[in-house]
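**Student:** Predicted coordinates and the sequence they were generated for:
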Amino acid sequence: MNRRLIIRMLGALLLIEAAAMVPALLIALWFRSGDASALGYSILINIVAGSALSFLPGRDRDSHLRLKEGFIITALGWIFLGLFGAVPFMLSGIIPRFEEAFFETVSGLTTTGASIVTAEMFERFPKGVMFWRATTHWIGGMGVLVLTLALLPKLTGRTAHLVKAESPGPSLSKLVPKTGTTAKILYKIYILLSLIEFVTLLICGLSPYDAAIHTMATAGTGGFSSYGDSIAHFNSVPVEVAITIFMFMFGVNFALYYRFLIGERFKAFFRDEEFRWYFIFAVGFMLIVSLLNLEHYQGDFLTSLRYGSFQISSIMSTTGFVTYDFNQWPASSHIIIVIAMLIGSCAGSTAGGIKVIRIILLTKLSRRNIRATGQPKKMDVIRLDGKAVDEHMLSQIAQFVFMYIVLILIGGFIMSLGSGYDLTTNLSAALTCVSNVGPGLGSVGPVFNYSGYTVHAKIVASFLMLFGRLELLPLFILFTRSAWHKY
């Protein structure tokens, strides 16, 4: 194993994180919010640590990464980013406890949006650190390693292993032959959509600061708001409609936007089987929840549709914004919300969850197995978008879903130890962490937070978020003995 190359890559990630903190420092200086020194020292710490790792003396044995090394860099990189990204929260004094600062940073980077910040803390949250909190969403949404490759494409060879380890979905879709060029294209699309949303929110009446905060949270499908009551703070239908649309859009595979831009237009979307089902799931869940909640809203369908469509878009895109306390909705609506949390959005998007493509293929695999009971000698080929799907990939998807469910159950059990919370709270907390959603049910619902959990539960939740964002395998490999063999 090329340990020096791994260390050098980790250093590059910390330097990228230092650069990402600069806008927050400028915001702190502009608003004179008293947190400029905390951000300045944090940037300096990242630069010193990143430089020390990046410029170690000696020569690389090999500049090319193997798949195992790519996975190790991805897993360690996100842990390092969480550790060093927590420094501004601690130095500013807003979140002085390490495990809570780490939890908040990991939640941001993994675009989960789960928080330990209470209503009282929101009132004294400094502008600069709040902006850094939102920035973690934006850089984590598309992927920090993808950003690194876009900025430093020649840092190492075989960069596809890094993107594969970080990208959400069962396979890596390269838009062009070179991975570095693909990374640049993805970030250009990401920036373009972010700018469009930013302008849209300005038109809807938000201040530039609020528009920037909520654009980054929507683009990264993270859901951190600068207000304790989230999007409900604005009580604005235009704002809710705009964010609903953009949450849905950021849950779409970014490869489809590329195909749209190069000339396929809207055919690129509706020819894609995953997008069609994503659209059907989203619209169907919106209508079902709106109908189920009719009695709760005294028969007012438009009001029910307003809150139901926003919340389903938020949950299914795993953004986690809220406009209403859905804990008050009937149990039938809660079941739909749990299903939406599990499914998530499209592969190749900034969203979490199992992903629609896996649900499609797992359904087709189950249907084929049922048919095979009556016709054991007949073996149908499973197809997606008219193309045969490799049997090995189908096996990997089945294993992924199994590990996903087991991780939620084990995580919920460990988090429940000493927590004092009920079954609904602990299981939904584990589910929202692994699916990178944020708000759950019960005592971690839309109007609550995770501050009541024990120290060990917050650390476990942080790693559940990392497992979910990195699609399980990179972190599992990190905890195996073979990962650390020299060869």
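**Tutor:** Looks like it arrived, so ask away.
**Student:** Low-confidence regions, the chain specifically.
**Tutor:** Scanning the chain for pLDDT under 70 picks out 1, 57-65, 144-145, 147-180, 376-378, 482-487.
**Student:** Secondary structure class of the most centrally placed residue in it, three-state.
**Tutor:** The residue lying closest to the centre of the chain (C-alpha atoms, centre = their mean) is residue 111, at 3.5 Å. Secondary structure, DSSP: H, G, I helix; E, B strand; the rest coil: residue 111 is coil.
**Student:** so who does it touch?
**Tutor:** Contact analysis of residue 111 by C-beta atoms under 8 Å, 6 or more residues apart in numbering lists 137, 140-141, 220-223, 318-319, 350-352, 436, 469. Any C-beta I mention is one placed from the backbone N, CA and C, and that applies to glycine too.
**Student:** how about 10 Å then?
**Tutor:** Residue 111 makes contacts with 136-142, 217, 219-224, 250, 317-320, 350-352, 436-438, 465, 468-469, as judged by C-beta atoms under 10 Å, 6 or more residues apart in numbering.
**Student:** repeat for residue 225
**Tutor:** By C-beta under 10 Å, 6+ apart, the contact set of residue 225 is 113, 115, 122, 130, 133-134, 210, 213-214, 217, 231-234, 320-322.
**Student:** could you pull out the helices for the stretch 201-350 of the chain?
**Tutor:** Here the stretch 201-350 of the chain has its helices, by DSSP state H, counting those that start in this stretch, at 208-219, 237-250, 254-259, 267-270, 273-292, 301-316, 331-343.
**Student:** nearest to residue 446, of those helices?
**Tutor:** helix 301-316 (8.5 Å; C-beta to C-beta).
**Student:** Kindly reformat the helices of the stretch 201-350 of the chain as TSV containing distance to residue 3 and mean neighbour count.
**Tutor:** TSV is the format used below for those (distance: least, C-beta to C-beta, whole Å; neighbours: other C-beta atoms under 10 Å):
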stretch	distance to residue 3	mean neighbour count
helix 208-219	35	23
helix 237-250	36	21
helix 254-259	33	21
helix 267-270	43	15
helix 273-292	38	19
helix 301-316	41	23
helix 331-343	38	19
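**Student:** export those helices to JSON lines and tack on distance to residue 356?
**Tutor:** Below are these laid out as JSON lines (distance: least, C-beta to C-beta, whole Å):
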{"stretch": "helix 208-219", "distance to residue 356": "19"}
{"stretch": "helix 237-250", "distance to residue 356": "12"}
{"stretch": "helix 254-259", "distance to residue 356": "13"}
{"stretch": "helix 267-270", "distance to residue 356": "13"}
{"stretch": "helix 273-292", "distance to residue 356": "5"}
{"stretch": "helix 301-316", "distance to residue 356": "9"}
{"stretch": "helix 331-343", "distance to residue 356": "6"}
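**Student:** For the residue nearest to the centre of the chain, grab phi and psi.
**Tutor:** Dihedral angles phi and psi of residue 111 (degrees, to the nearest 10) take the values phi 60, psi 40.
**Student:** Tell me how far it lies from residue 437.
**Tutor:** Noted for residue 111: a distance of 9 Å to residue 437, by C-beta to C-beta, to the nearest Å.
**Student:** Show me whatever sits in contact with both of these two.
**Tutor:** Residues touching both residue 111 and residue 437 (C-beta under 10 Å, 6+ apart) are 221, 223, 317-320, 351-352, 468.
**Student:** Weed out the non-buried ones from those residues.
**Tutor:** 221, 223, 317-320, 351-352, 468 (16 or more other C-beta atoms under 10 Å).
**Student:** With distance to residue 238 added, can I get the residues you listed in JSON lines?
**Tutor:** Shown next, in JSON lines, are those (distance: C-beta to C-beta, whole Å):
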{"residue": "221", "distance to residue 238": "21"}
{"residue": "223", "distance to residue 238": "19"}
{"residue": "317", "distance to residue 238": "19"}
{"residue": "318", "distance to residue 238": "24"}
{"residue": "319", "distance to residue 238": "18"}
{"residue": "320", "distance to residue 238": "21"}
{"residue": "351", "distance to residue 238": "23"}
{"residue": "352", "distance to residue 238": "27"}
{"residue": "468", "distance to residue 238": "32"}
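**Student:** Tell me the buried residues in the helix or strand encompassing residue 11?
**Tutor:** Under the criterion of DSSP states H and E, residue 11 resides in helix 3-31. Under the neighbour-count criterion of 16+ other C-beta under 10 Å, helix 3-31 has 4-18, 20-21, 23-25, 27-28, 31 buried.
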